[in-house]
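Undergrad: what would the 3D arrangement of this be:
(one chain, ligands or ions: 1)
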Amino acid sequence: MFNKDLGQHILINPLVSQGIVDKAKLKQTDTVLEVGPGTGNLTVKILEQAKRVIACEADARLAAELTKRVQGGPFQHKLEIIHGDVMKQQLPFFDVCISNTPYQISSPLTFKLIFHRPIFRCAVLMFQREFALRLVARPGDSLYGRLSVNCQLYSKVSHVMSVGKNNFKPPPNVESSVVRIEPLDPPPPVDFEEWDGMVRIAFSRKNKTLAANFKSTATMQMLENNYKTYCAANEVMIEPDFDIKKKVIDVLTSLELAETRASKMDVVDFLKLLSAFHDADIHFC
Ligand code: SAM
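TA: The predicted model follows:
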């Protein structure tokens, strides 16, 4: 009856649905984007509190079921259903996003939301527990990694609720958690491709030092090529004794980070490191 490929695990505990909506602290003037409304258990609770709900549902059968559920009721005029894959839509304006997220699209959906403009107030999203814990992990936590720093670069993210499997029909294989994401406004003025290029290298082998990760042959080759391209484009003279390895290690050493592991660095440390690399004309894409 439910389509596993679309991550259809319907929330059957109304207390959990209400808890999720409450965590969004909705205002009566809010437009809410709901991703994957399914049969509408969350939708009807959101409709009670918001001005408007735009719900994007990939499954035509469920979209029709939801249309029927609100038809003739007091909230019918407040609900717009978009039938389609949310990842293929240009998102409409919204103040708040609420979703019992189809787990297959957790990561792309998170970043689609984080990069959405204009910046929205908050997103309250249900994820698989491990994914949620990765988003909120802090330096030193075992699940801290690229996903954590990339999300925390652009938002304040907090764990708001644990949800057991039995609150869903059918129950998923793993436990779930609800997180609240508040995008930073204004966002940090960072070139994300540059940032992500550097962070990928830093976390390439999680338990190695930054110096060890940056010194890998493939990384050195890439950074040398980027450096030469940058110098050619900006008419910077390449020194006769130019040595990319020395240049990179000098940057790491100047910030006393050569022997540090990425798993112990927070967003501010990474921002300082990127800025120091750029001051040395070292680029990551
Ligand atoms: N919101 C409902 C609830 O809490 O009971 C259903 C949540 S269920 C975990 C995920 C829903 O997202 C399903 O209705 C599924 O059909 C829908 N869905 C899956 N992939 C989607 C996509 N790419 N775009 C939009 N909806 C999607």
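Undergrad: residue of the protein closest to the ligand, please.
TA: Checking the chain residue by residue against the ligand with Cβ to the nearest ligand atom singles out residue 36 as nearest, at 2.1 Å. Glycine gets a C-beta too; all of them are placed from N, C-alpha and C.
Undergrad: nearest residue to that residue in space, ignoring adjacent ones along the chain?
TA: For residue 36, the nearest residue in space outside its immediate sequence neighbours is residue 102; the separation is 5.1 Å by Cβ to Cβ, 6 or more residues apart in numbering.
Undergrad: what residues are up against that neighbour?
TA: Applying Cβ atoms under 8 Å, 6 or more residues apart in numbering to residue 102 gives the contacts 6, 7, 8, 35, 36, 58.
Undergrad: at 10 Å what do you get?
TA: Each residue near residue 102 by Cβ atoms under 10 Å, 6 or more residues apart in numbering is listed here: 3, 5-9, 35-36, 38, 58-59, 85-86, 109.
Undergrad: and the gap between it and residue 37?
TA: Applying Cβ to Cβ, to the nearest Å, one obtains 11 Å for the distance of residue 102 from residue 37.
Undergrad: now for the two: what residues contact both?
TA: Shared contacts of residue 102 and residue 37, defined by Cβ under 10 Å, 6+ apart, comprise residue 59.
Undergrad: for residue 128, give me phi and psi.
TA: The phi/psi pair for residue 128 (degrees, to the nearest 10) reads phi -60, psi 140.
Undergrad: okay, it: pLDDT?
TA: Predicted confidence (pLDDT) at residue 128: the value is 98.
Undergrad: hang on, it packs against residue 179?
TA: No: Residue 128 is not in contact with residue 179 according to Cβ atoms under 10 Å; the separation is 11.1 Å.
Undergrad: neighbour count: the two, which is higher?
TA: Using other Cβ atoms under 10 Å as the criterion, residue 128 and residue 179 rank with residue 179 on top: 24 against 18.
Undergrad: assumed the more buried one was part of a helix.
TA: No: assessed with DSSP: H, G, I helix; E, B strand; the rest coil, residue 179 is strand; it does not lie in a helix.
Undergrad: that one is in contact with residue 160, isn't it?
TA: Yes: using Cβ under 10 Å, residue 179 is in contact with residue 160, at 6.4 Å.
Undergrad: which residues of the protein lie near the ligand?
TA: Proximity of the chain to the ligand is confined to 6-11, 35-38, 41-42, 56-59, 62, 85-87, 100, 102, 105 under the rule Cβ under 6 Å from any ligand atom.
Undergrad: kindly recompute the last result at 5 Å.
TA: Listed as neighbours of the ligand in the chain under the rule Cβ under 5 Å from any ligand atom: 6-11, 36, 38, 41-42, 56, 58-59, 85-86, 100, 102.
Undergrad: tell me which of these fall in helices.
TA: With DSSP state H as the criterion, helices contain 41, 42 from among the residues of the chain next to the ligand.
Undergrad: list only buried entries from the residues of the chain next to the ligand.
TA: 6-11, 36, 38, 41-42, 56, 58-59, 86, 100, 102 (16 or more other Cβ atoms under 10 Å).
Undergrad: let me know the closest of the residues you listed to residue 278.
TA: When these are compared for distance to residue 278 (Cβ to Cβ), residue 86 comes out closest, at 34.8 Å.
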